[in-house]
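> Here is a sequence with its predicted model. Questions after.
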Amino acid sequence: MSSRPAHFIEDTLLQGFGLGDQSDDRWLRRERRRRRASVQQPERRNSGNSTSSSGGEDLEAAVVDSLTNEVVSQIQQLTVGQAVAGRSGRRHEQTVDTVNSSPSGDGGRSGSSIIRNTEYDSWVFLDNAAQVFGRSPELKEIAVSDIRKDYDPQGYCWRGNLIQKEVYMGYRKRMYPRHQNVQHSVKQVRKMGRCIDTRHSFYDFRYSVVGDDFRSQISHFQHRDMLWATSSYDVFYCHAGSVYIWNPWQRMVRRCVLGRSQMPKFKLRSMCVDSGVVFVGDGKGDYCLKSLQTDIGPVATGSLATGIAEDAVNHASPATSRSGALHIASAHDSGTVNSLDVWGLSVANSAAFEWSVNCTSLAHDGTLQCVVGDSTDALLVDPRRGSGDPVARLTGHLDYSFSCSFSPNGRLVATGSQDTSVRVYDVRWPQQTLATLCGYIGAMRVVRFSECGKFLLGMESADYVHVYDARSFERAQVVSFMGETAGATFSPDSNCLFLAVSDSIHGSSLAEYNMASVNTEAVQHSRSLPF
């Protein structure tokens, strides 16, 4: 952080957050003197080794922290009246802890939470923050040249206002509602986390597109794995009840591959794409399956429900049977994991568990399957047995998990939980956690290893995507933005990272990042383009 006069920082923040009219010169002078004294007084007690530049940096950091508190107090005053008025007539009041946990509206799922504020209060609080923030994207397409002009991948221009962004992001990190199904302390989770160097850059931004046409659909706030890539040119996402394909090399061009008219009364809950087939599951246990070889073709439909009223397909992932046939592994609210034979349209295998299953991942050799759900433990099972009897139990998480992934060699498995952490286990010694990787703002909704095995992706529910060095888990890149996440994935060659943001306040976008060691111009000319 560069050293700047305290009054410059204060004036910039007050103007940026619209508080300048509410603050007079006397208040500013008094606050400057108080903060300057609080920073300089400890320096006088030191031996004199500190320099004026370090004192200036400490003063600037103190001013940013202090003004963040000022902004929070202003927004709290805006929130009180709206929260009281909005509470009347609401059918459900759900709990949230903005310090240790957060919104506990479970969207139909059972669970307890710390009672501290209502979910409505917290989201009104965030809405008011965005209003005080008072910015909107200026660009619809963003390239590397725009980043050099102080734009970010979401189209916002930050020229001369970087401190304003820092304060706003710090505020969101402190106050974002964290959902809990099992009461726990986030501080306790972070004490177990590994210290990671986040100054690295494994992937560089290349291109992004902003607009409602590229808003990825989030059908359930706990299930966010709605972005898939079958190549560097083919990125699939759900929008308005349909499945679209986006080619980042053709910029604003998109194409519908599975329309809403082909899926009547179908509410998307999960999606996966592989081997020329797109599969989508809904909230009642039904599915649609379509070949991508032709734009116009038959759509296969069926049901994977096991008898309960709404046996939602929480997650779907491609898998290969021992015979080489393509299967789709589906995780259900009823606690079952089904293996659907794509070509025979029949359930080849089914296993039952004691709790709702939120995600499943199959090792590449097909010998182990990881199952996570409404439990603090994850299970390793042998899919060849055809039962849910665990081979090993993975412990350590303090809340339910919603994502898991095997490394390409099958030795490591990662799980992402609502306790804001990713845990990595070695299947050869599953009794102990190999690494605990903590997030910043909320639940880890998506975890995924790259096909090269060098990186592990951890996507939080908002604002942050972490790319960890999977060889040591001591280095990471943090990709930051503003808004709710709808998915994150690698390309099959691991050279590209794709992110989806779906937010009504800060806008929606799809973004591509290229591996830093890859010369993007050379790659563009060497690839055989499909158009």
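Cool, got the structure. Given the structure is predicted, the values throughout are model-derived calculations rather than measurements. Numbers count the residues shown, from 1 in each chain.

> and the gap between G386 and S339?
Using Cβ to Cβ, to the nearest Å, G386 is found at 9 Å from S339. (Glycine included, C-beta is placed from N, CA and C.)

> Could you double-check that I196 lies in contact with T436?
No. Counting by Cβ atoms under 8 Å, I196 stays clear of T436, with 10.3 Å between them.

> Can you report phi and psi for the residue lying closest to L292 once chain neighbours are set aside?
Counting by Cβ to Cβ, 6 or more residues apart in numbering, G276 is the residue found nearest to L292 once chain neighbours are left out, at 4.9 Å. When read as degrees, to the nearest 10, the backbone of G276 gives phi 80, psi 20.

> G276: how many residues sit nearby?
Residues within reach of G276, counting by other Cβ atoms under 10 Å, total 12.

> per-residue confidence at it?
We have a pLDDT of 86 for G276.

> list the contacts for it?
Contact analysis of G276 by Cβ atoms under 8 Å, 6 or more residues apart in numbering lists 291-293.

> So which of the residues you listed is surrounded by the most neighbours?
Result: L292 is most packed of the contacts of G276 (other Cβ under 10 Å), 19 neighbours.

> Could you report the distance from S232 to E512?
Counting by Cβ to Cβ, the gap from S232 to E512 is 8 Å.

> Which one's more surrounded, these two?
Taking neighbours as other Cβ under 10 Å, S232 and E512 compare with E512 leading, 23 against 20.

> could I get the helix or strand where the more buried one lies in PDB with only the CA atoms?
E512 belongs to strand 509-515 when assigned by DSSP states H and E. The C-alpha trace of strand 509-515 is given here as PDB (Å, rounded to 0.1, in the frame of the first residue of the first chain):
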ATOM      1  CA  SER A 509     -20.300 -12.100 -16.200                       C
ATOM      2  CA  LEU A 510     -18.400 -15.000 -17.700                       C
ATOM      3  CA  ALA A 511     -14.600 -14.700 -17.600                       C
ATOM      4  CA  GLU A 512     -11.600 -16.600 -19.000                       C
ATOM      5  CA  TYR A 513      -8.200 -16.800 -17.500                       C
ATOM      6  CA  ASN A 514      -5.200 -18.400 -19.300                       C
ATOM      7  CA  MET A 515      -2.300 -20.200 -17.600                       C
END
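
> Tell me which other helices or strands it touches.
Packing partners of strand 509-515 (3 or more Cβ pairs under 8 Å, 6 or more residues apart in numbering; DSSP states H and E): strand 203-210, strand 235-239, strand 476-490, strand 496-501.

> Which of the ones you listed sits closest to R174?
Set against R174 and scored by Cβ to Cβ, those come closest in strand 476-490, at 14.7 Å.

> Low-confidence bits of the stretch 251-400 of the chain, can you list those?
Scanning the stretch 251-400 of the chain for pLDDT under 70 picks out the ranges 295-297, 307-309.

> Can you name the residues that contact the nearest residue to P137 once chain neighbours are set aside?
The shortest distance from P137 to any non-neighbouring residue, by Cβ to Cβ, 6+ apart, is to G155 (3.3 Å). Counting by Cβ under 8 Å, 6+ apart, G155 makes contact with 137-140, 142, 208, 210, 507, 509.

> And for L340?
Residues in contact with L340 (Cβ under 8 Å, 6+ apart) are 279, 287, 304, 327-330, 346-348.

> Could you look up the SS state of A300?
Recorded secondary structure, A300: strand (DSSP: H, G, I helix; E, B strand; the rest coil).

> Name the residues linked to it by a beta bridge.
As for beta bridges, A300 partners with L289 under DSSP bridges.

> Same question for A500.
G487, L510.

> State the number of residues packed around it.
Using other Cβ under 10 Å, A500 has 28 neighbouring residues.

> Repeat that for K187.
9.

> what does Q183 give?
Q183 has 16 neighbours, counted by other Cβ under 10 Å.

> Map the structural domains onto the sequence of this structure.
Here the chain is described, according to automatic domain parsing, as comprising the domains 6-88+116-174, 186-526.

> Let me know which of those domains is tucked in deepest.
domain 186-526 (a mean of 19; mean count of other Cβ atoms under 10 Å).

> pLDDT and distance to E484 added to the contacts of G155, as CSV?
Below are those laid out as CSV (pLDDT from 0 to 100; distance: Cβ to Cβ, whole Å):
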residue, pLDDT, distance to E484
P137, 87, 15
E138, 91, 21
L139, 93, 20
K140, 93, 20
I142, 95, 19
S208, 95, 16
V210, 94, 15
G507, 85, 11
S509, 92, 11
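
> okay, those in CSV with distance to F402 next?
Below are the contacts of G155 laid out as CSV (distance: Cβ to Cβ, whole Å):
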residue, distance to F402
P137, 29
E138, 34
L139, 33
K140, 32
I142, 30
S208, 26
V210, 27
G507, 25
S509, 23
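
> What is the nearest of those residues to V253?
Nearest to V253 out of the contacts of G155 is K140 (Cβ to Cβ; 13.4 Å).

> Outside of stretch 426-433 itself, list whatever touches it.
For stretch 426-433, the external contacting residues (Cβ under 8 Å, 6+ apart) are 363, 368, 380, 392-396, 410-413, 423-425, 434.

> got the end-to-end distance for that stretch?
Distance across stretch 426-433, first residue to last, is 8 Å (Cα to Cα, to the nearest Å).

> Numbering from 45 from now on, please.
All right, first residue 45 from here; so that's stretch 470-477.

> average pLDDT for it?
Stretch 470-477 shows a mean pLDDT of 94.

> Does S263 touch R313 like I think?
Yes. Contact status for S263 versus R313: in contact at 5.1 Å, counting by Cβ under 8 Å.

> Now the common contact residues for these two.
Counting by Cβ under 8 Å, 6+ apart, the contacts common to S263 and R313 are G327.

> show me where the stretch 195-344 of the chain has strands.
Using DSSP state E, counting those that start in this stretch, the strands of the stretch 195-344 of the chain run over residues 247-254, 271-273, 279-283, 286-290, 298-302, 312-318, 321-326, 330-335, 343-347.

> and the shortest one, what does it pack onto?
In terms of contacts (3+ Cβ pairs under 8 Å, 6+ apart), strand 271-273 is packed against strand 279-283, strand 312-318, strand 520-534, strand 540-545.

> Serialize those to TSV and add fields for distance to A363.
Output for these, formatted as TSV (distance: least, Cβ to Cβ, whole Å):
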stretch	distance to A363
strand 279-283	18
strand 312-318	9
strand 520-534	17
strand 540-545	22
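
> Select, out of the ones you listed, the one closest to S229.
Nearest to S229, of all these, is strand 520-534, at 23.1 Å by Cβ to Cβ.

> Surely C316 and M270 touch.
No. The pair C316 / M270 is not scored as a contact, 9.8 Å apart, by Cβ under 8 Å.

> what about stretch 361-371, start to end distance?
Termini of stretch 361-371 sit 9 Å apart (Cα to Cα).

> How far off centre is that stretch?
Offset of stretch 361-371 from its chain centre (Cα atoms, centre = their mean, to the nearest Å): 28 Å.

> Stretch 336-351 now?
The chain centroid and the centroid of stretch 336-351 are separated by 28 Å under Cα atoms, centre = their mean.

> one step back: mind putting the contacts of L384 in CSV, secondary structure included?
Formatted as CSV, the contacts of L384 follow (three-state DSSP):
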residue, secondary structure
F323, strand
Y331, strand
L348, coil
H371, strand
I372, strand
A373, strand
S374, strand
S390, strand
V391, strand
A392, strand
